[in-house]
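Provide a 3D model corresponding to the input given below.
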Amino acid sequence: MEKERLIPDTSIFTNPDVYRQFGENPTLAFHNFLLLVAELEGDVGVYLPTSVYDELKRMLSDLKIPPRARSVLKVKSPKKYELYIPAFLMYDFIEELRNRINKGLRIAEEAVKASSYRKPEEVLKSLRRKYREVLREGIVDSKEDLELILLGLELDGVILSADRGVLRMADSLGLRFWEPKEIKETLEGFKAF
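Residues are numbered from 1 along each chain as shown. Got it, this is the predicted structure:
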C-alpha cells in the first residue's frame, strides 16, 4: 500500500517557478513528475480530482501519461456527499469573502474617480489587476481548488500546490502539504528508504 498519496494542483505544472524543477515546459514537467513517482515503486501514488485532470488536459497540449507512470496516476473525485467541512472554516471563509468584496468595491470607486484624468484603457487595466489581486489571490476560488482540499481530507493526502489560497486552507484543516519549490527534492528523499 502507498505510504503517501499526493494530490497535485495544476499550478505545480503551470507555474514556471515550480515546474522547472521537473522540466523545461509544463508538459515535460508533468511527465517527469509522474516518472519520478513511478520510480518509487508503490511508496507514493498521485491522485487527481477529475476537475483538475480536465483542467490539466486543457492547459497542457499533448497531455499523455507515460506508460511506466500509468499505475501511479489515479483520477478520482472526492466523495462530496460524504465529506464534512468544519463550520469554523465556513465562517472564516464568508468573513474573508465579505472583506474582499468591500475592498473590491473601494478599488472600483477609485477607478471611477481616476477615469476623469486618466485614459480609459489605463484605468481598466489597473482596475482588473487590483480587483483580481484583492478578490482572488490567497483564497480558494474554484471548484478545482475545493476538490483538491476535499480529496486531501478524504485520502489523508499531501496537497501539492503553488496556490497560496489552497495551501492556507489545507493548513487550516490540518492537511499536510509540501513547499512547492521542494517537491522534487522531497520525492527524491523517498529513494533513500
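
check whether S71 really touches V37, as I assumed.
No. S71 sits out of contact with V37 when judged by CB atoms under 8 Å, with a separation of 9.8 Å. To be clear about C-beta, it is placed using only N, CA and C from the backbone, and glycine gets the same treatment.

so what are the domain limits for the protein?
4-81+143-190, 87-136 (automatic domain parsing).

of these, which stretch is the most buried?
Among the domains of the chain, the stretch with the highest mean neighbour count (mean count of other CB atoms under 10 Å) is domain 4-81+143-190, at a mean of 18.

for K181, helix, strand, or coil?
Reduced to three states with DSSP: H, G, I helix; E, B strand; the rest coil, the structure at K181 is helix.

that should have said I159, apologies.
At I159, secondary structure determined by three-state DSSP is strand.

contact partners for it?
I159 is in contact with I7, D9, L148, I149, G152, V166, L167, A170, L175, R176, F177, counting by CB atoms under 8 Å, 6 or more residues apart in numbering.

quick one, what contacts the first one?
Put plainly, it is I7. I7 makes contacts with V46, Y47, L48, P49, L148, L151, G152, L155, G157, V158, I159, L160, as judged by CB under 8 Å, 6+ apart.

quick check: it is in a strand.
Yes. The assignment for I7, made by three-state DSSP, places it in a strand.

what are the bridge partners for it, then?
The partner list for I7 in beta bridges (DSSP bridges) reads I159.

for it, report the pLDDT, please.
Listed pLDDT for I7 reads 97.

confidence score at the nearest residue in space to P49 that is not next to it in sequence?
Excluding its sequence neighbours, the residue lying closest to P49 (CB to CB, 6 or more residues apart in numbering) is E147, at 3.8 Å. As summarised for this prediction, E147 has a pLDDT of 95.

helix, strand or coil: sort out E147 for me.
Secondary structure state of E147, per three-state DSSP, is helix.

quickly, which of the domains of the chain bottoms out on average pLDDT?
Mean pLDDT per stretch puts domain 87-136 lowest among those, at a mean of 86.

end to end, how far does that domain reach?
22 Å (CA to CA, to the nearest Å).

what of stretch 111-127?
Start-to-end span of stretch 111-127 (CA to CA) is 6 Å.

the residue nearest to P49 against S51, yeah?
Yes. With contacts counted by CB under 8 Å, E147 reaches S51, the gap being 5.2 Å.

ok, E55 - contacts?
In this structure, E55 makes contact with T10, E144, judged by CB under 8 Å, 6+ apart.

many thanks, we can stop here.
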